[in-house]
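1. Please work out how this folds:
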Amino acid sequence: MNPISRVLYFLQQALRLLRTSPWLAAISVLTLAVSLSVVGVLAMGMLGAERLIDQLGERLTISVYISDGTSSQRTSQIEQRVKSHPGVTHVRLLTREADRERNRKLLDPALLAGLDQEAIPGQAVLELELDSGLASRNDLEALIQWAEKTKGVEAVEDVDFGADKLRLIFAIVEIVRSVGFVVASILLVSALLFVFSTVRLAVYSRREEIEILALMGATPRFIRAPFLIEGAAQGLFGAVVAMGLLSALHSELYALVRDVYRIHLDWSLLPAGMIIWLLVAGPLLGLLASGVSVGRYLRV
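-> Residues are numbered from 1 along each chain as shown. Model (predicted):
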């Protein structure tokens, strides 16, 4: 049998296996699809959270509030001190009047009617911009330590950059990453076991044919090939279904964020790398389950 004829034979036998137990094959495909979809959703959540952290870090502004009555000379000294921080690229000084004007613009005009301008709070503040985001929890903790030291400087009343919110976001990302890994592992193992059982039933239903092929001198590879193709096909179909489900979810999520929350996201939660991973992981899972199932039977 030449190579082309052999490949055609393997494909024909694999299709025959799928037609023999269509319901089992369909359940295997759906099991893989659901498992890969849930793993994909977890990956999308982790990716979204990490990109949110990147965006927050890129736009991070540290506000150093100067105590009332501080001289301009002392304010300049504090400005030079905070400029020495390695990550600071720009420092802008807002006087008490400038800060009061900014706060006035934030208030509802109806509240400003008849309100004394001096009643609007205002305080001298140094606004610091950083050159890079917070790549890790360690970066955040280092920034918090620097802020605590800066608070102890004379004439510095407070330092604020939303540390509590950033800590919460980092904690959520770490929880999602840990829980996601465990859940994804359980789902993938469950899918493997189901495909393993499906292929094992197919092998058992054709045990007499396999024994005849073995007696005729067929090699284990020759016997195993159709079952491997069947498993890979189930995995590929499952990956395609999962990709469709994730694409639909991705579109709905973007529409929700755009139309309801009026937020425009300039990055994708379903990048090309994740799609490629799905199309590769599905067939590989099917091949692995089929290979183990057929291998155990042939050894017996």
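
2. right, and residue 124 touches residue 72 too?
-> No. Here residue 124 does not reach residue 72: they are 9.4 Å apart, not a contact under C-beta atoms under 8 Å. Every residue, glycine included, has its C-beta placed from N, CA and C.

3. So those two - more neighbours on which side?
-> Here residue 124 and residue 72 are set side by side on neighbour count (other C-beta atoms under 10 Å), and the busier one is residue 124, at 23 against 10.

4. for the host helix or strand of residue 210, the distance to its chain's centre please.
-> With elements delineated by DSSP states H and E, residue 210 resides in helix 207-215, which encompasses its position. In this view, helix 207-215 has its centroid 47 Å away from the chain centroid, taken as C-alpha atoms, centre = their mean, to the nearest Å.

5. Quick check: nearest residue in space to residue 282, chain neighbours excluded?
-> Counting by C-beta to C-beta, 6 or more residues apart in numbering, the nearest residue to residue 282 once its immediate chain neighbours are dropped is residue 239, at 2.8 Å.

6. how big is the angle separating the helix or strand where that neighbour lies from helix 207-215?
-> Secondary structure here is read from DSSP H and E; on that basis residue 239 sits in helix 220-259. Between the direction of helix 220-259 and that of helix 207-215, the angle (axes from the mean of the first three to the mean of the last three C-alpha atoms, to 10 degrees) works out to 130 degrees.

7. Just the mean pLDDT for helix 220-259, thanks.
-> Averaged over helix 220-259, pLDDT sits at 83.

8. State the mean pLDDT of the helix or strand following that helix.
-> Reading on from helix 220-259 to the C-terminus, the next helix or strand found by DSSP H and E is helix 272-299. Helix 272-299 shows a mean pLDDT of 82.

9. which helices and strands does helix 272-299 pack with?
-> In this structure, helix 272-299 makes packing contacts with helix 22-58, helix 163-205, helix 220-259, judged by 3 or more C-beta pairs under 8 Å, 6 or more residues apart in numbering; DSSP states H and E.

10. Any buried residues in the shortest one, and which?
-> When you say that, I think you mean helix 22-58. If you call a residue buried by 16 or more other C-beta atoms under 10 Å, then helix 22-58 has these buried ones: 24-25, 28-49, 53, 56-57.

11. tell me what that helix is packed against?
-> Helix 22-58 makes packing contacts with helix 163-205, helix 220-259, helix 272-299 when contacts are defined by 3+ C-beta pairs under 8 Å, 6+ apart.

12. Distance to residue 145 and mean neighbour count for those helices - can I get that in a markdown table?
-> Compiled in a markdown table, the helices and strands packed on helix 22-58 are given as follows (distance: least, C-beta to C-beta, whole Å; neighbours: other C-beta atoms under 10 Å):
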| stretch | distance to residue 145 | mean neighbour count |
| --- | --- | --- |
| helix 163-205 | 11 | 16 |
| helix 220-259 | 35 | 19 |
| helix 272-299 | 35 | 18 |
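
13. From residue 205, how far off is the residue nearest to residue 282?
-> The gap separating residue 239 from residue 205 is 26 Å, by C-beta to C-beta, to the nearest Å.

14. Now do the same contact list for residue 63.
-> Residues counted as contacts of residue 63 (C-beta atoms under 8 Å, 6 or more residues apart in numbering) are 125, 126, 127, 128, 158, 159, 160, 161.

15. Leaving out the residues flanking it, which one is nearest to it?
-> Beyond its immediate neighbours in the sequence, the residue positioned closest to residue 63 (C-beta to C-beta, 6+ apart) is residue 160, lying 4.9 Å away.

16. Report how many residues lie close to that neighbour.
-> As a burial measure, the neighbour count of residue 160 was computed by other C-beta under 10 Å and equals 14.

17. rewinding a little: show me the contacts of residue 63 that map onto strands.
-> 125, 126, 127, 128, 158, 159, 160 (DSSP state E).

18. Pull out the buried members of those.
-> Members of the ones in strands among the contacts of residue 63 that pass the buried threshold by neighbour count (16+ other C-beta under 10 Å) are listed as 125, 126, 128, 159.

19. hang on, the second one packs against residue 80?
-> No. The criterion here is C-beta under 8 Å, and residue 126 misses it with residue 80 at 10.6 Å.

20. related to what we said a few turns ago, format the helices and strands packed on helix 272-299 as TSV; extra columns: distance to residue 273.
-> As requested, those are exported to TSV (distance: least, C-beta to C-beta, whole Å):
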stretch	distance to residue 273
helix 22-58	10
helix 163-205	16
helix 220-259	13
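
21. what sits against the closest residue to residue 271 other than its chain neighbours?
-> Counting by C-beta to C-beta, 6+ apart, residue 271 lies nearest to residue 47, which is 7.7 Å off, once chain neighbours are set aside. The contact partners of residue 47, taken as C-beta under 8 Å, 6+ apart, are 269, 271, 274.
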